[in-house]
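>>> here's my sequence, what's the structure:
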Amino acid sequence: MVARVNEFLAVRVGPRFVFVNLLPTFALTLLVGGLAAAGAPGVAPSWGRLSAFAVRIGWPGAMIGVFAVVVLSAVLHPLAYPMIQFLEGYWDGLPAGRALKLRASQRYHTWRIQLGELQSRSRQLVPDLAWLPPAMEPALPTRLGNALQAGEIRAGDRYGYRTGDILQRLIPIASPAVRTELSDTRNQLDTSARLCAFSLLAVPVTLFLLWSHGLWLLVPFGCYLFAWASYRAALAAAYRFCNAVSVAVDLYHLRLWDALSLQRPESFADEQRRMGPLLCQLLRDGRGLKSDAPLSYIPDADPSGTGAWEPTQTTLPVGDDRESRRRFFNRYGARRQQP
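Got it, this is the predicted structure:
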């Protein structure tokens, strides 16, 4: 789901690039580089060796190192997408990944059945069940992936839509407050997921550097604990992000019809059962959509989707009175430019 609203392959030097991409890479590079400069793996790291190395390279070396980290972050930027997909549970491309995915998914499927039975017996909502995909959808092998999948399905399915089909068209017509909330929660999710992925990557690297140095093995253990905390933070951010997507769909799913100059559904049931799936089919690829599908344009529909512009009936003035024609076009143009 995150891939549908993120531009993972586009490197942008801005706040998002700094905090979402540069920070995790910089932390990993600083940790591994610092341990190597302090003497690992040959001898136990020491602050004295690290200080001597810093004095030896001086400010020019430090500036070159910062520049190298920025370049490395840009190079590693596309690799973050498969790392996040791994955390979401898409393991098919890994060695033995399909078998591992099947086994872990079965565990979540069993958990979903148990939670459903508990909810039926207690006649109370079980919060964990809301963050698992519906029974007709396959479960993913990770909690993060299941939460994102469940949130994506729930946001649009209530109205008959597939969220992935409408979200890219819906975001541009949403209010700045809604877009800001989506962007903030998405950035929190991405940052936490990347910190988790890079922390997991740091565990075997630091184990190799510190294997024979006693108490220094607490460093890879600390990396693992930080990865666990980052994963929990990513899970909390995923809940917020999915709720923000649901709010956007709630508030603007009908405005989307206006923005596309299409006739709105006649009722909630009509939208859920017939018109919503038809619109998703049209926006997805249009294949199999019949020419007599009940989708009709609205003449003079508000192109902004705000509903603020009223359609007008106009008549061109007759005669050679230039002043009357000038007043007509000024008045007509003013109405057309109303927000």
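>>> when you work out contacts or count neighbours from here on, use the C-alpha atoms and nothing else.
Noted.
>>> the helix or strand harbouring Ser183 packs against which elements?
Using DSSP states H and E, the element containing Ser183 is helix 176-210. With contacts defined as 3 or more C-alpha pairs under 8 Å, 6 or more residues apart in numbering; DSSP states H and E, the secondary structure elements packing on helix 176-210 are helix 23-37, helix 80-88, helix 218-259.
>>> list the buried ones in the shortest one?
Think helix 80-88. For helix 80-88, a neighbour-count test (16 or more other C-alpha atoms under 10 Å) marks 80-81, 83-88 as buried.
>>> what is the orientation angle of that helix with helix 218-259?
100 degrees (axes from the mean of the first three to the mean of the last three C-alpha atoms, to 10 degrees).
>>> just the CA trace of helix 80-88, in CSV.
Output for helix 80-88, consisting of C-alpha atoms alone and laid out as CSV, is shown next (Å, rounded to 0.1, in the frame of the first residue of the first chain):
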residue,chain,number,x,y,z
ALA,A,80,14.9,0.8,0.6
TYR,A,81,11.8,-0.2,-1.2
PRO,A,82,12.5,-4.0,-1.2
MET,A,83,13.7,-3.7,2.4
ILE,A,84,10.3,-2.2,3.4
GLN,A,85,8.5,-4.9,1.3
PHE,A,86,10.4,-7.5,3.3
LEU,A,87,9.1,-6.0,6.5
GLU,A,88,5.6,-6.1,5.0
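>>> any weak-confidence spans in this protein?
Counting by pLDDT under 70, the low-confidence segments of the chain come to 1-19, 21, 77, 123-125, 300-339.
>>> care to break it down by domain?
By the record's domain assignment, the chain is partitioned as 2-89+142-284, 90-141 (automatic domain parsing).
>>> can you put those domains in TSV and add distance to Ala293?
TSV is the format used below for these (distance: least, C-alpha to C-alpha, whole Å):
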stretch	distance to Ala293
domain 2-89+142-284	8
domain 90-141	27
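>>> report the two of the buried residues of helix 80-88 separated the most.
Every pair in the buried residues of helix 80-88 was compared (C-alpha to C-alpha); the two farthest apart turn out to be Ala80 and Glu88, at 12.4 Å.
>>> so what touches stretch 46-56?
Residues outside stretch 46-56 that contact it (C-alpha atoms under 8 Å, 6 or more residues apart in numbering) are 34, 37-39, 62.
>>> sorry, back to before: from the buried residues of helix 80-88, pick the one nearest Leu28.
If you rank the buried residues of helix 80-88 by distance to Leu28 using C-alpha to C-alpha, Ala80 comes first, at 13.5 Å.
>>> was I right about the closest one contacting Leu195?
No. Using C-alpha atoms under 8 Å, Ala80 is not in contact with Leu195; the gap is 10.3 Å.
>>> how far away is Phe86 from Ala234?
13 Å (C-alpha to C-alpha, to the nearest Å).
>>> for Leu102, give me its contacts.
With contacts defined as C-alpha under 8 Å, 6+ apart, the neighbours of Leu102 are Pro141.
>>> related to what we said a few turns ago, with distance to Leu94 added, can I get the helices and strands packed on helix 176-210 in JSON lines?
Listed next are those as JSON lines, based on distance: least, C-alpha to C-alpha, whole Å:
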{"stretch": "helix 23-37", "distance to Leu94": "23"}
{"stretch": "helix 80-88", "distance to Leu94": "9"}
{"stretch": "helix 218-259", "distance to Leu94": "21"}
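>>> which of those helices sits closest to Pro134?
Judged by C-alpha to C-alpha, the one of these that comes nearest to Pro134 is helix 218-259, at 15.3 Å.
>>> returning to what we had before: among the domains of the chain, which is the most enclosed?
Ranked by mean neighbour count under mean count of other C-alpha atoms under 10 Å, the domains of the chain are led by domain 2-89+142-284, which reaches a mean of 18.
>>> about what we covered before: so which of the domains of the chain comes closest to Pro294?
Short answer: domain 2-89+142-284, nearest of the domains of the chain by C-alpha to C-alpha, at 7.9 Å.
>>> whichever helix or strand Met63 is part of relative to helix 80-88, how many degrees between them?
If you go by DSSP H and E, Met63 is part of helix 47-76. In terms of direction (the same axes, to 10 degrees), helix 47-76 departs from helix 80-88 by 100 degrees.
>>> helix 47-76 versus helix 23-37: what angle between them?
140 degrees.
>>> the chain should start at 364 in everything you say after this.
Happy to do that; since the first residue is 364 now, the last one works out to helix 410-439.
>>> starting at the chain centroid, how far to helix 410-439?
33 Å (C-alpha atoms, centre = their mean, to the nearest Å).
>>> try stretch 498-507
On C-alpha atoms, centre = their mean, the centre of stretch 498-507 falls 18 Å from the chain's centre.
>>> show the end-to-end separation of it, please.
Terminal residues of stretch 498-507 lie 17 Å apart, using C-alpha to C-alpha.
>>> and Leu481, how far from Leu642?
Per C-alpha to C-alpha, Leu481 is found 37 Å from Leu642.
>>> same question for Pro583.
Using C-alpha to C-alpha, one obtains 51 Å as the distance from Pro583 to Leu642.
>>> and what of Leu457?
Noted for Leu457: a distance of 36 Å to Leu642, by C-alpha to C-alpha.
>>> and Asn606, by the same measure?
Shown here: Asn606 relative to Leu642, a distance of 23 Å by C-alpha to C-alpha.
>>> spatially, what comes nearest to Thr526 if we skip its sequence neighbours?
Gly519 (4.8 Å; C-alpha to C-alpha, 6 or more residues apart in numbering).
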